[in-house]
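Trainee: Whatever this is, show me its structure:
(one chain, ligands or ions: 1)
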Amino acid sequence: MEVDDSGLPWTDRLLQVSEEAQKFAKAGGFDILAYKLGAQKEQLRPPRYMRVGLLQHSLFLPTTAPVEQQVAALHKHVGEMAAAAAACGVNVICLQEAWTMPFGFCTREKLPWTEFAENAEEGPTTTFCQKIASDHNMVVVSPILERDSRHGDTLWNTAVVIDNSGAVLGKTRKNHIPRVGDFNESTYYMEGNTGHRVFKTEFGRIAVNICYGRHHPLNWLAYALNGAEVVFNPSATVGLLSEPLWSIEARNAAIANHYFTCAINRVGTEYYPNEFTSGDGGKAHNDFGHFYGSSYVAAPDGRRTPGLSRISNGLLIADLDLNLCRQMADQWGFRVWQSLTRVYLD
Ligand SMILES: NC(=O)NCCC(=O)O
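Mentor: As a prediction, the model looks like this:
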């Protein structure tokens, strides 16, 4: 039987969750699952583990509560979930898409939803995440609605990457914007202009493919060409639209691109005071449908962790041996670089 560095089978394993983390989970009413996705032992390279933490959650106040109170409640609860991740020794946490706000883009109303937008470099949420990062020596990926005041007050759907010292490493913007069902996001912001950035952290090279970007295979490929070893996919998506695709897309991307993928979705049903329509002749309604959670991690050899719950808040922890990326490229013999060359030559 193949074994990893600890002498145990290198296939999926359940990890122990520290008592301190379990206390946070009990007090905060969220689940914690923890798995290991190892690689085969090599003679010349030591294992290279990145421990990731994926956070999925619902809103903590109604969408009609004052903006400041909603943001404060999210900071408080997500801060506790991040503390649980830190108590488990997580190296990199990723939060869900637009985590500081309701996904009010379904309404096509500007206020109050645009008031949740913040400066990516200096806004209160980035400051909040910088403290988490430096307190816990943990990289934080924080997807927010960005207000770029230096460039005409433009809105973007952005993930801010904060390194484990607390410094902002950079940001990357959602590059495919949905115009499907109730996802009226192009009413607010357009396709991002930051390309396919990959961020070099102390723990490995990471990228962020925000939500709708997961439907586009060339998008995933571009992150691989730029050297990503782990690609996070922070999302907000509902059952009737995308659930049949959810377990396939990020997993297939991991296999095709020889990297790990981390798919994260929010949880719960959000209600809005004014009715809106889906542009399909159906009745006007006040809710977005059910955000089905089910966050998971997939490995480049096709393994995946079980998903978090469809209905509860949760933290998914996974140990990823990044050596597996090259092992899989060698085993299968297809290389993302070669596919690109062929495209150009044909
Ligand atoms: N947030 C977002 O891009 N949702 C679009 C729906 C989907 O991609 O499943």
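Trainee: what's the burial count for Arg304?
Mentor: If you count neighbours by other Cβ atoms under 10 Å, Arg304 ends up with 21. Every C-beta, even on glycine, is put in place using the N, C-alpha and C of the backbone.
Trainee: Tell me what it is bridged to.
Mentor: Note on Arg304: beta-bridge partners by DSSP bridges are Ala298.
Trainee: So it sits against Ser295, correct?
Mentor: No. Using Cβ atoms under 8 Å, Arg304 makes no contact with Ser295, being 11.1 Å away.
Trainee: dump the residue contacts of the spatially most central residue of the chain.
Mentor: With distances taken as Cα atoms, centre = their mean, Pro234 lies nearest the centre of the chain, 2.8 Å away. The neighbours of Pro234, taking Cβ atoms under 8 Å, 6 or more residues apart in numbering as the test, are 94-97, 99, 141, 143, 159, 208, 210-211, 264.
Trainee: State which one residue of the stretch 1-150 of the chain is found closest to the ligand.
Mentor: Proximity of the stretch 1-150 of the chain to the ligand (Cβ to the nearest ligand atom) peaks at Glu97, 5.6 Å away.
Trainee: pLDDT score for Asp346?
Mentor: Looking at Asp346, its pLDDT stands at 44.
Trainee: Tell me which helix or strand Ile132 sits in.
Mentor: helix 124-136 (DSSP states H and E).
Trainee: now the helix or strand that that helix is followed by: mean pLDDT?
Mentor: Remark: after helix 124-136, the chain's next helix or strand is strand 139-148, criterion DSSP H and E. Mean pLDDT, strand 139-148: 98.
Trainee: what's the neighbour count on the closest residue to Gln16 other than its chain neighbours?
Mentor: Spatial nearest neighbour of Gln16, chain neighbours left out: Ala34 (7.3 Å); criterion: Cβ to Cβ, 6 or more residues apart in numbering. Neighbour count for Ala34, taken as other Cβ under 10 Å: 21.
Trainee: show me what contacts Ala34?
Mentor: 14-17, 88, 316-318.
Trainee: which SS class is it?
Mentor: Ala34 falls in the strand class when you classify it by DSSP: H, G, I helix; E, B strand; the rest coil.
Trainee: Check it and give its pLDDT.
Mentor: At Ala34, pLDDT is 94.
Trainee: This protein against the ligand: which residues are in contact?
Mentor: Residues of the chain lying close to the ligand (Cβ under 6 Å from any ligand atom) are 97, 178, 183, 211-212, 235-237, 241-242.
Trainee: Which ones among the residues you listed lie within strands?
Mentor: 183, 235 (DSSP state E).
Trainee: before we move on, back to that, hmm, which two among the contacts of Ala34 are most spread apart?
Mentor: Largest separation among these by Cβ to Cβ: Gln16 and Leu316, giving 14.9 Å.
Trainee: Same drill for the two, tell me which one is more crowded.
Mentor: Using other Cβ under 10 Å as the criterion, Gln16 and Leu316 rank with Leu316 on top: 26 against 9.
Trainee: mean confidence for the helix with the most length in the chain?
Mentor: Looking only at the chain and at elements set by DSSP state H, the helix with the highest residue count is helix 67-87. The predicted model assigns helix 67-87 a mean pLDDT of 98.
Trainee: Kindly report the same for stretch 163-178.
Mentor: 98.
Trainee: in that stretch, what counts as buried?
Mentor: 163-164, 166, 168-178 (16 or more other Cβ atoms under 10 Å).
Trainee: ditto for stretch 202-212
Mentor: Under the neighbour-count rule (16+ other Cβ under 10 Å), stretch 202-212 has 203-212 buried.
Trainee: Please apply the same query to stretch 218-229.
Mentor: 219-224, 228-229.
Trainee: The ligand: which of these is nearest?
Mentor: Looking across the buried residues of stretch 218-229 and measuring by Cβ to the nearest ligand atom, the closest to the ligand is Asn219, at 11.9 Å.
Trainee: residues contacting that closest one?
Mentor: By Cβ under 8 Å, 6+ apart, the neighbours of Asn219 are 175-176, 196, 209, 213.
Trainee: any idea of the pLDDT on it?
Mentor: For Asn219, the predicted pLDDT is 96.
Trainee: What helix or strand is it located in?
Mentor: Going by DSSP H and E, Asn219 is in helix 217-225.
Trainee: Who are the packing partners of the longest helix of the chain?
Mentor: helix 19-28, strand 49-56, helix 124-136, strand 314-321 (3 or more Cβ pairs under 8 Å, 6 or more residues apart in numbering; DSSP states H and E).
Trainee: how about the longest one: buried residues?
Mentor: Of the residues in helix 124-136, those buried by neighbour count under the rule 16+ other Cβ under 10 Å are 125-126, 128-130, 132-134, 136.
Trainee: circling back to that earlier point, would CSV of the helices and strands packed on helix 67-87 with mean pLDDT and distance to Tyr271 be doable?
Mentor: Shown next, in CSV, are the helices and strands packed on helix 67-87 (pLDDT from 0 to 100; distance: least, Cβ to Cβ, whole Å):
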stretch, mean pLDDT, distance to Tyr271
helix 19-28, 95, 23
strand 49-56, 98, 19
helix 124-136, 98, 24
strand 314-321, 97, 22
